[in-house]
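In: With the input below, show me the fold.
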Amino acid sequence: MPSSKYATRSRAARAVTALVAGALTLATATACGGEQKSLDPLSQAIAVNESRHVDTRFDERPVVIDDSKGITSLRHFFRNSETLVVSDDTIAAQLRAASIAVAAHAPMIVYDPARHQEISHEVERLSTHTVLTVGEVNLARTSGRVRVHRDPGGLEALGEMMSVRFDESLVASPQDAAAAVAGLNPNEPTWARAAWADPKVMVGAEAKPFPIMSRRDADMAPVVVATAESSIASIANARSFGAQVTIVDDADPRASESALFAMAGLSDEPLIALGGQFGTDKELAARIMQAEEIYLQRNSDKAR
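Out: Okay, here's the model as predicted:
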């Protein structure tokens, strides 16, 4: 929860925003012969963003998750999971792993040998039974409580592992990867396939059952924003949880109207931003308030 000083500052800024918005609406109506007009775009965005019912487990403030390997976002969204997808660090493998994770509502991690113990700890914390590795991941295959299977690659194997039909969508370049993962629909399983390469297939890999879990968010996930620079794993974890992820063209809402509208009204409400490019939690909250005030002042001047 935010400190009382921080919360008071947000409420004060919200009062100023509401006052300026009211003045702008009145000026617009007067200029148009007293006709009642619909809400301006910012007010509409605030109304939509604030109308969400969000699970109380999420902080009532913006939270920035700077997460390149997926471990931090996994911890933020998932308390437990019977399944886990682990990819190597190539974009091609991450795209395939994300495609599987979102379709199966499973969390995803990018393997890092230096964090092997951390990954093993997450498997225990989540009470995971089935781990699927994609690409060159050096996790030993087992047949005990935790089963580690290797992805054999290809489109047909996806259907065999998950008993659903997958479509295929080519991702033209690594710069398009974040948007491709944000756009994955678990109700329409799709392999976001790298146009430039396929993941490496490890020796002994074969298609084995990988169960599909139910979505976790119960339609109560907070607003989640990302940019093209956000990690594939963090976006995949948000989507696997059930949250929608909006890709914004700039992490600073003061620099982009579309980014502002995506985050409007959430300076002291639940909001998750994926990537250090959004700044700290408090910096992002302050930028949202500043962006709202700048927008309203600019449009108030135009209405005069």
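In: what stretches of the stretch 201-304 of the chain score poorly on pLDDT?
Out: 303-304 (pLDDT under 70).
In: Would you map the helices across the stretch 1-150 of the chain?
Out: 4-31, 41-50, 71-77, 91-104, 116-126 (DSSP state H, counting those that start in this stretch).
In: by contact count, what packs against the third one?
Out: Using 3 or more Cβ pairs under 8 Å, 6 or more residues apart in numbering; DSSP states H and E as the contact criterion, the neighbours of helix 71-77 among helices and strands are strand 62-65, strand 108-110, helix 116-126, helix 232-241. Where C-beta positions appear, they are placed from N, C-alpha and C, glycine not excepted.
In: Would you mark the buried spots in it?
Out: For helix 71-77, a neighbour-count test (16 or more other Cβ atoms under 10 Å) marks 71-77 as buried.
In: Contacts for that helix next, please.
Out: Residues outside helix 71-77 that contact it (Cβ atoms under 8 Å, 6 or more residues apart in numbering) are 63, 65-67, 107-109, 115, 118-119, 122, 216, 233-234, 237-238, 240-241, 243, 272, 274.
In: Now, of those, which are buried?
Out: Here, 16+ other Cβ under 10 Å leaves 63, 65-67, 107-109, 119, 122, 216, 233-234, 237-238, 240-241, 243, 272, 274 buried among the contacts of helix 71-77.
In: I'd like the helices and strands packed on helix 71-77 laid out as CSV, including distance to residue 146.
Out: Output for the helices and strands packed on helix 71-77, formatted as CSV (distance: least, Cβ to Cβ, whole Å):
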stretch, distance to residue 146
strand 62-65, 26
strand 108-110, 14
helix 116-126, 6
helix 232-241, 19
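In: And those: which comes nearest residue 169?
Out: helix 232-241 (14.6 Å; Cβ to Cβ).
In: how many other residues sit next to the spatially closest residue to residue 231 that is not a sequence neighbour?
Out: Excluding the flanking residues, the one nearest residue 231 by Cβ to Cβ, 6 or more residues apart in numbering is residue 68, at 4.9 Å. If you count neighbours by other Cβ atoms under 10 Å, residue 68 ends up with 17.
In: For residue 68, give its distance to residue 210.
Out: 25 Å (Cβ to Cβ, to the nearest Å).
In: go on, residue 97?
Out: Distance of residue 97 to residue 210, computed by Cβ to Cβ: 11 Å.
In: Can you pick out the residue with more neighbours from those two?
Out: Taking neighbours as other Cβ under 10 Å, residue 97 and residue 210 compare with residue 97 leading, 31 against 22.
In: can you pull the contacts of the closest residue to that one other than its chain neighbours?
Out: Counting by Cβ to Cβ, 6+ apart, residue 97 lies nearest to residue 87, which is 3.5 Å off, once chain neighbours are set aside. When contacts are counted by Cβ under 8 Å, 6+ apart, residue 87 touches 93-94, 96-98, 108-111, 133-135, 137, 199, 233.
In: Who does residue 87 form a beta bridge with?
Out: Here residue 87 sits in beta bridges with residue 110, residue 134, as judged by DSSP bridges.
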